[in-house]
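Colleague: here's my sequence, what's the structure:
(one chain, ligands or ions: 1)
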Amino acid sequence: MHRQVFRLPEMDEQPAPIVIVVLGPPGAGKGTQSSMLANLLRVPHISIGALLRSYARDYSEVGLRLRRMMALGQLVPDTLVLDVLATRISESDCARGLILDGFPRTLGQAELLERGLLKSLFYANNLKQKLVALHLRVQNNTIVERLSGRRVCSRCTATYHLGTQPPRLCGECDFDGSALTIREDDRKATVLKRLQIYELETAPILSHYAEKASLLEVDGEQPKENIAQEIVVAIQNMLRIPTAGAKDVQSTLKDNL
Ligand code: AP5
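Modeller: Model (predicted):
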């Protein structure tokens, strides 16, 4: 079999920061692929949904409001999302780049990202050349099937699927043995609502990135290892990632998926 070689930047190099925004409907595999890419590129995976869920666990009034909105599948107001994101982006581990999973979700958020949020010290230069929008295309019936089978660890948030990625022991996380739970917004009626919001608010962002020639379209229906392989090779070509210390994609994926 022909083995592709993906070259990773060395830890002591100072390559220009890479920003990858991962787009796609709920359940498209954004979290799954972002986590793999973050390991390969050695940049943080920032999941806005996960950050918001951690705030929603708080017993404050804001926490309660967040829980309600997210359980209904509604978008959280920009003021709160931007506050949470700006705080996270300002941390030093983002200096080499980041994978943004779940942001932007509206055209307004896309503009804020480029004009405001990333215009910090780290991203002042050549942002246009270093921003890739990755779109995972998945059909609605696949989404409903994926989300009805998703289970999440109540402690470490590791994600499973009863059919395609089951835990070793039924109902228990492989990593810490904690109980697996169903996300409240994964109930079918809420999934359909989230899909509607995606079509209305988020899908228009795709043409925004297509115009800038920074949109990478990927068939998200494939097995996740194939998707990962396709993405890393395409990103390597798009961004001309500096080379020093080559690593084999397949062996890296085995360690990370
Ligand atoms: P968020 O947590 O971001 O939810 P989402 O976008 O709806 O995406 P999901 O996490 O449901 O799915 P995913 O695409 O990451 O798929 P996964 O990899 O887990 O946001 C939640 C909420 O927060 C929003 O509804 C909103 O309220 C709020 N929010 C977030 N961002 C916001 C913003 N910017 N503005 C305002 N509000 C915001 O995979 C799903 C399942 O499929 C898993 O079980 C997995 O194992 C399986 N799977 C993955 N890939 C494959 C494959 N290739 N083949 C087979 N199975 C697969």
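Colleague: for residue 43, what is the enclosing helix or strand?
Modeller: Per DSSP states H and E, residue 43 falls between elements, in no helix or strand.
Colleague: surely it and residue 89 touch.
Modeller: No. Residue 43 is beyond contact range of residue 89, at 11.8 Å (criterion: CB atoms under 8 Å). In short, each C-beta sits where N, CA and C put it, glycine included.
Colleague: hey, what's in contact with both of those two?
Modeller: Common neighbours of residue 43 and residue 89 are listed as residue 98 (criterion: CB atoms under 8 Å, 6 or more residues apart in numbering).
Colleague: which residues of the protein lie near the ligand?
Modeller: By CB under 6 Å from any ligand atom, the residues of the chain that approach the ligand are 24, 26-32, 48-49, 52, 69-70, 73-76, 81, 102-103, 105, 109, 146, 150, 159, 161, 164-165, 185, 194, 223-224, 227.
Colleague: now do 5 Å
Modeller: 26-32, 48-49, 52, 70, 75-76, 81, 102-103, 105, 146, 150, 159, 161, 164-165, 224 (CB under 5 Å from any ligand atom).
Colleague: return the subset of those lying in strands.
Modeller: If you go by DSSP state E, the residues of the chain next to the ligand have 150, 159, 161 in strands.
Colleague: output the residues you listed as JSON lines; include the columns neighbour count, distance to residue 117 and pLDDT.
Modeller: JSON lines is the format used below for these (neighbours: other CB atoms under 10 Å; distance: CB to CB, whole Å; pLDDT from 0 to 100):
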{"residue": "150", "neighbour count": "19", "distance to residue 117": "29", "pLDDT": "95"}
{"residue": "159", "neighbour count": "15", "distance to residue 117": "26", "pLDDT": "93"}
{"residue": "161", "neighbour count": "18", "distance to residue 117": "32", "pLDDT": "94"}
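Colleague: who's in contact with whichever residue of the stretch 1-150 of the chain sits closest to the ligand?
Modeller: Closest to the ligand within the stretch 1-150 of the chain is residue 49: 2.0 Å, counting by CB to the nearest ligand atom. Shown in contact with residue 49 (CB under 8 Å, 6+ apart): 31, 70, 101-102.
Colleague: who are the contact partners of the residue nearest the centre of the chain?
Modeller: The geometric centre of the chain, computed from its C-alpha atoms, lies nearest to residue 101 (CA atoms, centre = their mean), at 2.7 Å. Counting by CB under 8 Å, 6+ apart, residue 101 touches 22, 30-31, 34, 45-49.
Colleague: just put these in JSON lines and tack on pLDDT.
Modeller: Formatted as JSON lines, these follow (pLDDT from 0 to 100):
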{"residue": "22", "pLDDT": "96"}
{"residue": "30", "pLDDT": "97"}
{"residue": "31", "pLDDT": "95"}
{"residue": "34", "pLDDT": "95"}
{"residue": "45", "pLDDT": "95"}
{"residue": "46", "pLDDT": "96"}
{"residue": "47", "pLDDT": "96"}
{"residue": "48", "pLDDT": "96"}
{"residue": "49", "pLDDT": "96"}
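Colleague: thank you, goodbye.
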